[in-house]
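Engineer: turn this into a structure:
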Amino acid sequence: MTGGDRQSALVNADSFWFTYTLSSIAAIIAETVTYPLDLTKTRLQIQGETHVGGLIVAGQKRGMVKTIVGIGSEEGAIKLFQGLTPALYRHLLYTGCRISFYEIIRDKVLKKNSDGSFPVWKSSLGGLTAGAMGQFIASPTDLVKVQMQMEGRRRLEGKAPRVKSTAQAFRKIITEEGVRGLYRGVVPNVQRAALINMGDLATYDTVKQGVLQYTSLTDNWVTHTISGTCSGLSMAILGTPADVIKTRIMNQPTENGRGKLYAGSMDCLVKTVNQEGFLALYKGFLPIWGRLGPWSLIFWISFEQIRKLCGVSSF
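Structural biologist: Sure thing, here's the model as predicted:
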């Protein structure tokens with residue numbers, strides 16, 4: 001790459017759309033590879049919803065391995081990717097926005113220290129803010145994804161199909177509940193995203209700085225692997241309780257635009273803990289971690305390598 005081309009790339013790297021495009025590509029790669037585990041954790045999180053609001057929510061209780069094997073054998077292996085389309089739409093909005101917003105917050109709002117470091121409190125605040133903003137924009141696609149993920153289970157239980165495609169799901173929600181219905185579960189969804197991004201972005205940035213400062217490793221794929229692995233574990237620990245609540249609120253049946261099972265995220269939290277115990281908030285933790293770990297690893301390595309191929313500095 002010539003000096004002029006490199007200078008042009010560096011200028012483009014400062015733009016919102018440059019970061020948005022590269023992070024979206026990396027997210028699509030990570031999402032596609034790890035999607036079956038996301039479907040599995042959604043199924044696990046719905047298990048145990050019984051006698052809530054006068055309704056009985058049926059469902060055979062299974063562990064992670066039996067759930068994923070059961071989906072493949074009972075519904076067909078292709079069903080392990082049911083809901084992938086809205087999931088990819090979601091990341092085109094969510095990850096593209098959250099990474100771009102974080103970079104703007106880090107470099108132009110909170111700003112790095114004069115030595116190039118970025119304190120943990122700043123990276124945590126930046127991650128919380130960027131995650132909340134990105135998820136608010138993408139929340140409707142998350143709602144459709146959750147509903148599509150549950151269709152195979154519903155049909156095996158003898159229930160009528162609820163959604164048939166991504167477009168039909170959007171039309172159905174708007175027709176029955178209005179545009180406001182697209183944002184059902186937005187509060188726990190935003191809470192979850194804020195926590196997960198605090199864990200992801202703050203951990204990745206902090207671990208990467210520490211590795212480069214205190215070890216002989218350089219800014220290469222080994223450093224990115226270490227940082228991405230740590231961020232994946234942090235994401236799972238911080239985000240699982242909010243993810244369980246988000247999933248249950250989004251999956252619940254509605255009447256006149258109101259949920260039949262839970263009045264809101266706090267009501268869902270209280271009922272879940274009272275009826276199933278505190279550990280119910282960590283249902284699906286293993287597949288969440290089993291997915292977020294590889295997801296984070298694949299995303300960050302892909303993102304950093306794509307940036308390198310474009311001739312710009314690492315994240």
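
Engineer: so where's this protein uncertain?
Structural biologist: 1-14, 48-61, 153, 155-157 (pLDDT under 70).

Engineer: centroid residue for it?
Structural biologist: residue 193 (6.7 Å; Cα atoms, centre = their mean).

Engineer: following element in sequence after the helix or strand that residue falls within, please.
Structural biologist: Assigned by DSSP states H and E, residue 193 belongs to helix 186-197. Using DSSP H and E, the helix or strand that follows helix 186-197 towards the C-terminus is helix 203-214.

Engineer: please save the CA atoms from that next one in PDB.
Structural biologist: Provided in PDB are the C-alpha atoms of helix 203-214 (Å, rounded to 0.1, in the frame of the first residue of the first chain):
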ATOM      1  CA  THR A 203     -12.400  -6.300  29.300                       C
ATOM      2  CA  TYR A 204     -11.000  -6.500  25.700                       C
ATOM      3  CA  ASP A 205      -9.500  -3.000  25.900                       C
ATOM      4  CA  THR A 206      -8.100  -3.400  29.400                       C
ATOM      5  CA  VAL A 207      -6.700  -6.900  28.900                       C
ATOM      6  CA  LYS A 208      -5.200  -5.900  25.500                       C
ATOM      7  CA  GLN A 209      -3.500  -2.900  27.100                       C
ATOM      8  CA  GLY A 210      -2.200  -5.000  30.000                       C
ATOM      9  CA  VAL A 211      -0.800  -7.700  27.700                       C
ATOM     10  CA  LEU A 212       1.000  -5.200  25.500                       C
ATOM     11  CA  GLN A 213       2.300  -3.200  28.500                       C
ATOM     12  CA  TYR A 214       3.400  -6.000  30.800                       C
END
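
Engineer: how far is it from where the chain is centred?
Structural biologist: 23 Å (Cα atoms, centre = their mean, to the nearest Å).

Engineer: so who does the residue nearest to the centre of the chain touch?
Structural biologist: Contacts for residue 193 were tallied using Cβ atoms under 8 Å, 6 or more residues apart in numbering; they are 94, 98, 131, 132, 134, 135, 239. The way it works is simple: take the backbone N, C-alpha and C, and place the C-beta from them, glycine included.

Engineer: which stretch of helix or strand covers the first one?
Structural biologist: Assignment of secondary structure by DSSP H and E places residue 94 within helix 84-104.

Engineer: other SSEs contacting that helix?
Structural biologist: On a contact count with 3 or more Cβ pairs under 8 Å, 6 or more residues apart in numbering; DSSP states H and E, helix 84-104 meets helix 16-46, helix 120-149, helix 166-177, helix 186-197.

Engineer: can you say which of the ones you listed is packed in most?
Structural biologist: Comparing the helices and strands packed on helix 84-104 by mean neighbour count (mean count of other Cβ atoms under 10 Å), helix 186-197 comes out on top with a mean of 24.

Engineer: what is the burial count for residue 249?
Structural biologist: Residue 249 is flanked by 24 other residues according to other Cβ atoms under 10 Å.

Engineer: that one reaches residue 192, doesn't it?
Structural biologist: No - with contact defined as Cβ atoms under 8 Å, residue 249 does not count as touching residue 192 (10.9 Å).

Engineer: re earlier: of the helices and strands packed on helix 84-104, which is nearest residue 310?
Structural biologist: helix 16-46 (7.0 Å; Cβ to Cβ).

Engineer: picking that back up, residue 266: which of the helices and strands packed on helix 84-104 is closest?
Structural biologist: helix 186-197 (9.0 Å).

Engineer: can I get the CA coordinates of the closest one in PDB?
Structural biologist: Coordinates of each C-alpha in helix 186-197 appear next as PDB, following Å, rounded to 0.1, in the frame of the first residue of the first chain:
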ATOM      1  CA  VAL A 186     -36.600  -3.500  25.200                       C
ATOM      2  CA  VAL A 187     -35.800  -2.600  28.800                       C
ATOM      3  CA  PRO A 188     -34.200  -5.900  29.800                       C
ATOM      4  CA  ASN A 189     -32.800  -6.100  26.300                       C
ATOM      5  CA  VAL A 190     -31.000  -2.800  26.700                       C
ATOM      6  CA  GLN A 191     -30.000  -3.700  30.300                       C
ATOM      7  CA  ARG A 192     -28.500  -7.000  29.100                       C
ATOM      8  CA  ALA A 193     -26.600  -5.300  26.200                       C
ATOM      9  CA  ALA A 194     -25.300  -2.600  28.400                       C
ATOM     10  CA  LEU A 195     -23.900  -5.200  30.900                       C
ATOM     11  CA  ILE A 196     -22.600  -7.500  28.100                       C
ATOM     12  CA  ASN A 197     -20.800  -4.600  26.300                       C
END
